[in-house]
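J.: Pasting the sequence and the predicted coordinates here, then a few questions.
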Number of protein chains: 2
Amino acid sequence: MNDLNDLAAFLEEGWQHLRRGVADGKAPARYPTFATVSSDGLPEARTVALRHAGQAEGVVEVHTDIATPKFAALRANPHAALHVWVPRSNLQIRLTSRVTIQTGDAVQAAWDKVPAASRVSYGTAPDPGTPISDVYAYEKPARRDRFAVLHCVISHIDLVHLGAQHRRAEFRRSDAWKGQWLAP
Amino acid sequence: MNDLNDLAAFLEEGWQHLRRGVADGKAPARYPTFATVSSDGLPEARTVALRHAGQAEGVVEVHTDIATPKFAALRANPHAALHVWVPRSNLQIRLTSRVTIQTGDAVQAAWDKVPAASRVSYGTAPDPGTPISDVYAYEKPARRDRFAVLHCVISHIDLVHLGAQHRRAEFRRSDAWKGQWLAP
């Protein structure tokens, strides 16, 4: 029997979706929206692919090309908000995180696991966002030196379940993820 | 025949999805992710419902409760990034906007069109995000004085189509939405 007042079960539901996103390319949590603040102080958001979800450490990871605007944004402001909407469960998952950037030799093991077909996501020439003369006037070599792991250390998890009555809770690292119901 | 190098057709495709989002509660663009910058300078993102998409003016609108954190964020930094992922079309739509907040008598006509069942989204007591003692320890009266229209004046539209070869273009108001292909 599902206890609707059970904070731990609610948190577990959120992590289950995140883990499924890592394991299953068709799961809603595979493609979170990743929001950052540009060096001009403007909000930015784009789709990313979830590559790791570690409940014990309270960490998620995504990969990026270091030549992207999100990389520049994170250098200026190392915070990211991740947002997932799970349609069938009517669940919104929001993660607030501080991002540590890993590059170079530190990411060799992660790079080794990237399928060859996906490695071309790291190295587009000219750099992503550069104006080009024709729709396909770019190349996509695979460059490990352009590959970075964004290690997102979560400080807050906010879950909202939309139902006949909405359920919302916030879980904080500083509170050992105990959780607190919030007005939705 | 679809000309893959046709910028105007690509922009039209984006707007079609936005209009469909307004008209159809099951369309992917019905529920964009709405990213703002908090008064602390941190990125925030949440799901919103798209209520208007006006291509001629380059505007989209969403509704909100003035007691939400996103309202406070927009008072401090009136910029929002809207993000939509359209799975079947493999299309990412991103809007960069400056937000004008409309409240009070100016939104009476918009309020009149909000279905009674939806009006309870504006007025939650205690305020959204307030800690509560029990999962359902809140009420949802309908309060027009808590209702606001966020009029998002778009400055940039960034479209990315993921295919065998990716297609990416940016359209700017300052350039009369003529468009420019970008490296993806």
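T.: Everything's here; your move. Residues are numbered from 1 along each chain as shown, chains lettered A, B, ... in the order given.

J.: Report whether stretch A:32-50 contacts chain B.
T.: Yes: using C-beta under 8 Å from any C-beta of the partner chain, we find that stretch A:32-50 touches chain B at A:33, A:35-37, A:41-47. From N, CA and C alone the C-beta is placed, and that goes for glycine too.

J.: Could you list which of those residues belong to strands?
T.: Counting by DSSP state E, these place A:33, A:35-37, A:43-47 in strands.

J.: what residue ranges in chain A are flagged as low confidence?
T.: Filtered on pLDDT under 70, chain A yields the residue ranges A:1-2.

J.: which strands and helices sit next to the longest strand that chain A contains?
T.: Identified as the longest strand of chain A according to DSSP E is strand A:147-161. Packing contacts for strand A:147-161, counted by 3 or more C-beta pairs under 8 Å, 6 or more residues apart in numbering or on different chains; DSSP states H and E, involve helix A:7-23, strand A:59-65, strand A:79-86, strand A:91-102, helix A:108-113, strand A:167-172.

J.: go again using 7 Å as the cut-off
T.: When contacts are defined as 3 or more C-beta pairs under 7 Å, 6 or more residues apart in numbering or on different chains; DSSP states H and E, strand A:147-161 sits against helix A:7-23, strand A:59-65, strand A:91-102, strand A:167-172.

J.: For the last one, which strands pair with it and how are they oriented?
T.: Strand A:167-172 has its sheet partners listed here by DSSP bridges as strand A:147-161 (antiparallel), strand A:180-181 (antiparallel).

J.: same question, the third one
T.: Here strand A:91-102 is paired, per DSSP bridges, with strand A:79-86 (antiparallel), strand A:147-161 (antiparallel).

J.: Check the gap between A:Val107 and A:Ala80 for me.
T.: Distance of A:Val107 to A:Ala80, computed by C-beta to C-beta, to the nearest Å: 18 Å.

J.: which one of those two has more residues nearby?
T.: A direct count of neighbours by other C-beta atoms under 10 Å in any protein chain shown for A:Val107 and A:Ala80 places A:Ala80 higher, at 27 against 17.

J.: what sits against that one?
T.: Counting by C-beta atoms under 7 Å, 6 or more residues apart in numbering or on different chains, A:Ala80 makes contact with A:34-36, A:74, A:97, A:99, A:152, B:43.
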